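Here's my sequence, what's the structure:
(2 chains)
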Amino acid sequence: MKAIKNIRDKIRPHFETGGRFSKFYRAWEAFDTFLFVPEKTTFKGSHIRDAIDLKRTMIYVIISLIPPLLVGIWNIGQQYYHAVGIDPTIQESFTLGLIRIIPLIIVSYAAGLATEFIFAVIHNKEVNEGFLVTGLLVVLILPPTMPLWMVAVANIFAVIVGKEIFGGTGMNVVNPALLSRSFILFGYPAYLSGEVYTYTEVQEGHQLVDGYSGATPLSLVAEGEMEAIPSDFNMFIGDMPGVIGETSFAAIMLGGLFLAITGVGSLRIMLSVFAGGIFMAGLFNVIALNEYMMIPIHKHLLLGAFAFGAVYMATDPVTSAQTGRGKYIYGFLIGVLIILIRVVNPGFPGGVMLAILLMNVFAPLIDHYVIQANIKRRMKRIKNNPVNVKENLNS
Amino acid sequence: MSKTTIKLKKGLNIPLKGEAEKILNTAERSGLYAIQPPDFHGIVPKMLVKEGENIKAGSPLFYDKNNEKIIFTSPVSGKFKEIIRGEKRRILEVRVKADQDDDYLDFGAADPKNLNHEDIMNKLLASGLWSTIRQRPYSVIANPDDKPKAIFVSAFDSAPLAPDFDFLIDGQEDEFQTGLDVLKKLTKGKVHLSINEKRTMRRALTHARNVEVHKFTGPHPSGNIGVQIHHIDPVNIGDIVWYVDFQNVIMLGRLFKNGIYDGRKIIALTGSEVKRPRYWRVIQGASVENLLKNNLSTEDSSSLRFISGNVLTGSKIYKEGFIGFYDSQVTVIPEGNKPEFMGWLLPKPSKYSATRTLFSWLMPWKKYRLDTNLNGGNRAFVLTGFYEKVLPMDILPMQLIKAIMINDIELMEKLGIYEVAPEDFALCEFICPSKTEMQSIIRDALDNIQKEFS
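Just a heads-up that it's a prediction; the model follows:
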């Protein structure tokens, strides 16, 4: 540790004002503050500060993503072996998954972080930690069949259009990870239609099972194949075709629990999304005009990206509603919209991304009404007690 | 007494080491005393004395250029020594070299009950004790020409390691009551005295006369005057209320009982770096030097932070610095000026977080030795929902701060800027993961609005 510190002290002057690489100070700073909590002390206001900072929070989000990531890696292999009709061991599935996912993660981080660093150096501001989360999220909401170049392009788009043009992390309107996904959805719809979600580059000696399509249950259900819904158990542990992170309800709940306990993710939003989903699915059960509407409520929650969206996407603190009450409304409407899009709109079998992006846009409006309610309470006080005001205004 | 207790749930008691033991020491008399104009926010000091001039306790030192009625007087007798100036020649300290014993200027003793409003005002202004009366909105010295709708006094302090007011009032109950009687004469409205339901025991407080007593429970900032005003009789647009600090009420009482500006007060010397944290009897404007002699964990003062006041709102002073005019507490904590390898990642047990991102929430009994490290870099607002948990007011903290950042005065008014002071946002600032300097944001906003409307 001492050695690292010595190296740091040696390199540092080059990056500071007057040094050879002073232009790249922000890049240096990002690495430096990653290794060391800087010796910066409070100089005004409160003399002591809570140990929480954005780095820690972002790392906690990443920790919470580990369970769905691990199950996702396993499931890539699992689905492949289903496709070629082999019963794999956990290890075999996992190894195959790793081979596929590592390039995805590397490309995702490299493209996004490079863009982020370039902006930090140009604008001379601190590198934000937000991308540590976005980079992983992007991978988890894509199918394993995604070409690497597309992941790179989508990430660069997400950082530039999703964040930097608004002023960086904290200023963005919509969730950058979802924006990058929607970029792919509208730019290259074939890759996200839900029809070829299984990694099917067949290896030597393997052969695809006859009639195996690799389509997700939701896209099959949208075409009326109700029997395509996997068993509750498979959906719970995550053994079904889908995007990498979304399939395992159990793993997502584990991550969600971690987020809720540490307070990093809003439990309020998570619960309201589920409440909204249950409400809407229940409503469809009552209307019951077609087979799709009759899918039991719990299956809706297990299917597709419902749980993943509720736990990891809807809770993004920057793009969600920011007032306490607003969060309930925001979450509930996301839940309602997910099921509504899923059941009523056959064009998009999975409605999670669109529901959340739409509510991201409406979140400020929801907050506006909550804020107005606060203002009204304050104004009412004056109305109830007008004597004081008049006296003071006259004096 | 109002019958219902105002129960506040939101807030935070930061568990710090170094609470003052209830032992009262008397400090050796300092050679130098200083009145520090920065303590009185917004005033422009104009000197009334020349260097070397002999002064008595209660003699004017300077006045406020913005309001010439408001003068500031010396707490001790002696010679006016010098002015210490800072950036832009701003006056930081007005120093007085003290005599061995105090010689007081006589303002005449009188029972406030027998005086009319004008006599009381004159006595307060002449003695310099008017500066103890402050107002909301803006949290500045009150304007003597205003008519406040009510006056507020808090009989407890909930800040980290704060002194116990029940202990401070010992033997001064009559003076305190006289002080309240003075305040009663200053308003047509009520004088509100807030007590802590669990901690305030003294009859002089629970059964104070001439005031309405309100009971509060709950964590810090329940003792903040702004929070109490918000729950008792909130400041609406156009309202003005006044407030006086606890020990200053006692000083007002002494002024009327004895006819002199007797600047004695008791401060709690606290903090993890004080060897023997105790209560000390000092005189207004005293230096902390004598209290800290052989009483610090280390002699290397560059690794210590000296604070007049509490860790959340106090002002940074130096080792020989002076106690602030409104402060009843001095705190010494370690500086956090050393880099820490991977410090943000490892959940060290010595670190404290009010959130559940560290283990501190699992050990509610533990007390901490916290340093001044910022624990992170300044960022845009990212996380939400934390600030509301430590602000027990019907105010949306983040939205108010954002309204200030875009300088929308109308929106600030609507969101309650007049009800808050920097200190009310100190806990929000403490827990902010983006390390936003909220207290100075609020202060600047109040200054701007005041300028706009003056």
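
okay, now residue 367: neighbour count?
Using chain A here. 23 (other C-beta atoms under 10 Å in any protein chain shown). For every residue, glycine as well, the C-beta is placed using N, CA and C.

Oops, wrong one, chain B.
Residues within reach of residue B:367, counting by other C-beta under 10 Å, total 14.

quick one: it and residue B:14 touch, right?
No. Between residue B:367 and residue B:14 there is no contact under C-beta atoms under 8 Å: 9.7 Å.

List the buried residues in stretch B:429-443.
B:429-439, B:441-443 (16 or more other C-beta atoms under 10 Å in any protein chain shown).

what do you get for stretch A:38-56?
A:38, A:40-42, A:45-56.

Ok, stretch B:164-175 next?
Going by 16+ other C-beta under 10 Å, stretch B:164-175 has these buried residues: B:164-166, B:168-169, B:172-173, B:175.

Stretch A:188-196 now?
Buried-residue list, stretch A:188-196, by 16+ other C-beta under 10 Å: A:191-196.

got the residues you listed as TSV, with distance to residue A:111 columns?
Shown next, in TSV, are the buried residues of stretch A:188-196 (distance: C-beta to C-beta, whole Å):
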residue	distance to residue A:111
A:191	17
A:192	18
A:193	24
A:194	24
A:195	26
A:196	23
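
May I see these organised as JSON lines, with distance to chain B and secondary structure added?
JSON lines is the format used below for the buried residues of stretch A:188-196 (distance: C-beta to the nearest C-beta, whole Å; DSSP: H, G, I helix; E, B strand; the rest coil):
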{"residue": "A:191", "distance to chain B": "31", "secondary structure": "helix"}
{"residue": "A:192", "distance to chain B": "28", "secondary structure": "helix"}
{"residue": "A:193", "distance to chain B": "34", "secondary structure": "coil"}
{"residue": "A:194", "distance to chain B": "32", "secondary structure": "coil"}
{"residue": "A:195", "distance to chain B": "37", "secondary structure": "coil"}
{"residue": "A:196", "distance to chain B": "36", "secondary structure": "coil"}
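
any chance of those in JSON lines, with pLDDT too?
Listed next are those as JSON lines, based on pLDDT from 0 to 100:
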{"residue": "A:191", "pLDDT": "82"}
{"residue": "A:192", "pLDDT": "81"}
{"residue": "A:193", "pLDDT": "74"}
{"residue": "A:194", "pLDDT": "71"}
{"residue": "A:195", "pLDDT": "71"}
{"residue": "A:196", "pLDDT": "69"}
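
Grab the two from the buried residues of stretch B:429-443 that are most spread out in space.
Farthest pair in the buried residues of stretch B:429-443 (C-beta to C-beta) is B:433 and B:443. Separation: 21.7 Å.

Grab the CA positions of the helix or strand that residue B:205 is a member of and hand them over as PDB.
Taking DSSP states H and E as the criterion, residue B:205 maps to helix B:203-206. C-alpha atoms of helix B:203-206 as PDB (Å, rounded to 0.1, in the frame of the first residue of the first chain):
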ATOM      1  CA  ARG B 203     -39.200  24.100  37.000                       C
ATOM      2  CA  ALA B 204     -37.800  27.400  35.900                       C
ATOM      3  CA  LEU B 205     -38.200  26.100  32.400                       C
ATOM      4  CA  THR B 206     -41.200  23.800  32.500                       C
END
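
And it, what does it pack against?
Counting contacts by 3 or more C-beta pairs under 8 Å, 6 or more residues apart in numbering or on different chains; DSSP states H and E, helix B:203-206 is packed against helix B:173-184, strand B:190-196.

what does the following helix or strand past that helix rub up against?
Counting by DSSP H and E, the next helix or strand C-terminal to helix B:203-206 is strand B:212-217. For strand B:212-217, contacts defined as C-beta atoms under 8 Å, 6 or more residues apart in numbering or on different chains pick out B:1-2, B:4-8, B:156, B:190-198, B:205-207, B:222-223, B:228, B:231-232.

Off-centre distance for strand B:212-217?
Distance of strand B:212-217 from the chain centroid (C-alpha atoms, centre = their mean, to the nearest Å) equals 20 Å.

now that strand against strand B:190-196, angle please.
Counting by axes from the mean of the first three to the mean of the last three C-alpha atoms, to 10 degrees, strand B:212-217 lies at 30 degrees to strand B:190-196.

what about the helix holding residue B:205, distance to the chain center?
22 Å.

again, but for stretch B:19-38
A distance of 15 Å separates the centroid of the chain from that of stretch B:19-38, by C-alpha atoms, centre = their mean.

Can you name the residues of the stretch 1-150 of chain A sitting close to chain B?
A:1, A:4-5, A:33, A:35-57, A:59-60, A:126, A:128, A:130 (C-beta under 8 Å from any C-beta of the partner chain).

rerun that using 7 Å as the cut-off
Within the stretch 1-150 of chain A, the positions lying close to chain B (C-beta under 7 Å from any C-beta of the partner chain) are A:1, A:4, A:33, A:35-42, A:44-57, A:59-60, A:126, A:128.

show me where pLDDT drops low in the chain?
Just going to use chain A. In the predicted model of chain A, residues A:1, A:37, A:196, A:199-200, A:385-395 satisfy pLDDT under 70.

That was the other one, I meant chain B.
The model of chain B has pLDDT under 70 over residues B:1-3, B:342-347.

care to break it down by domain?
B:5-14+B:28-258, B:264-334, B:374-453 (automatic domain parsing).

first vs last residue of the longest one, how far apart are they?
Looking at domain B:5-14+B:28-258, the gap from its leading to its trailing residue is 36 Å under the measure C-alpha to C-alpha, to the nearest Å.

Likewise for the shortest one?
Across its full length, domain B:264-334 reaches 29 Å between end residues, using C-alpha to C-alpha.

Whether that domain contacts chain A - can you check?
Yes. Contact of domain B:264-334 with chain A (C-beta under 7 Å from any C-beta) involves B:305, B:307, B:311-312, B:314, B:333.

With respect to residue A:9, which of the residues you listed is nearest?
residue B:305 (24.4 Å).

The closest one and residue B:438, how far apart?
Taking C-beta to C-beta, to the nearest Å as the measure, residue B:305 falls 19 Å from residue B:438.

Are the longest helix along chain B and chain A in contact anywhere?
For chain B, the longest helix by residue count, based on DSSP state H, is helix B:438-453. Yes. Residues of helix B:438-453 contacting chain A under C-beta under 7 Å from any C-beta: B:438-440.

which of those residues lies closest to chain A?
Comparing the residues of helix B:438-453 next to chain A against chain A with C-beta to the nearest C-beta places residue B:439 closest, at 4.1 Å.

how deep is residue 91 tucked in, by neighbour count?
All of this refers to chain A. 10.

actually chain B
When neighbours are counted by other C-beta under 10 Å, residue B:91 comes out with 18.

Specify the beta-bridge partners of it.
Note on residue B:91: beta-bridge partners by DSSP bridges are residue B:85.

wait, it sits on residue B:45?
Yes. The pair residue B:91 / residue B:45 is scored as a contact, 5.1 Å apart, by C-beta atoms under 7 Å.

which residues are contacting the host helix or strand of residue A:272?
Taking DSSP H and E as the definition, one finds residue A:272 inside helix A:267-287. With contacts defined as C-beta atoms under 7 Å, 6 or more residues apart in numbering or on different chains, helix A:267-287 is touched by A:256, A:260, A:293-294, A:297, A:300-301, A:306, A:310-311, A:314-315, A:320, A:327-328, A:330-336, A:338-340, A:343.

wait, does stretch B:417-428 make contact with chain A?
Yes. Stretch B:417-428 is in contact with chain A by C-beta under 7 Å from any C-beta, via residue B:426.
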